[in-house]
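Asks: This is a predicted model, with the sequence first.
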Amino acid sequence: MTSSTEIQPTPIFVGTMAFCPHCGNLMDPPSKNPVSTCGSCGYAYKLEDNSVRVISKSQPSAFQSSLKSKRELVQRQSLAREEAATIQEECPKCGAPEMCFHTMQLRSADEGQTVFYNCIKCGYKYSLNS
């Protein structure tokens, strides 16, 4: 003879995730009601404690926005300018004897690189293709 109240198996909890004891799928987290359901087989489990909190975290670089990418590019370029080498080259604008420079390959690989000059004294900038 079977009883009218059947004991349901409890979900398998790993951290804050609950897995269905019947099919093994990840169960939906409880929303406003204290019942957690399996989207695959329909198994439902009533949580005794309504104070279950699900907290998820991600790395700051996980969801990169285009604005953040551009900001990082500008920051890297300004660091490159700070690390720029100095050369004994006269500034065409103010006549200062020393300028900073850095190079970049902007054209195809079989052509020369572009040299960017920056005056230490007045901030004048210009470039030459080598």
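Replies: Arrived safely, thanks for sending.

Asks: ok, which stretches of the protein are strands?
Replies: Using DSSP state E, the strands of the chain run over residues 12-14, 17-19, 35-37, 44-46, 85-87, 99-104, 114-119, 125-129.

Asks: and for the first one, what are the contacting residues?
Replies: The set of residues external to strand 12-14 that reach it, using Cβ atoms under 8 Å, 6 or more residues apart in numbering, is 18-21. The way it works is simple: take the backbone N, C-alpha and C, and place the C-beta from them, glycine included.

Asks: Tell me which strands it pairs with, and in which orientation.
Replies: Applying DSSP bridges to the sheet, strand 12-14 is found paired with strand 17-19 (antiparallel).

Asks: So which bits of the strand it pairs with are buried?
Replies: Across strand 17-19, burial judged by 16 or more other Cβ atoms under 10 Å covers residue 18.

Asks: what's that strand in contact with?
Replies: For strand 17-19, contacts defined as Cβ under 8 Å, 6+ apart pick out 11-13, 25-27, 29, 36, 45.
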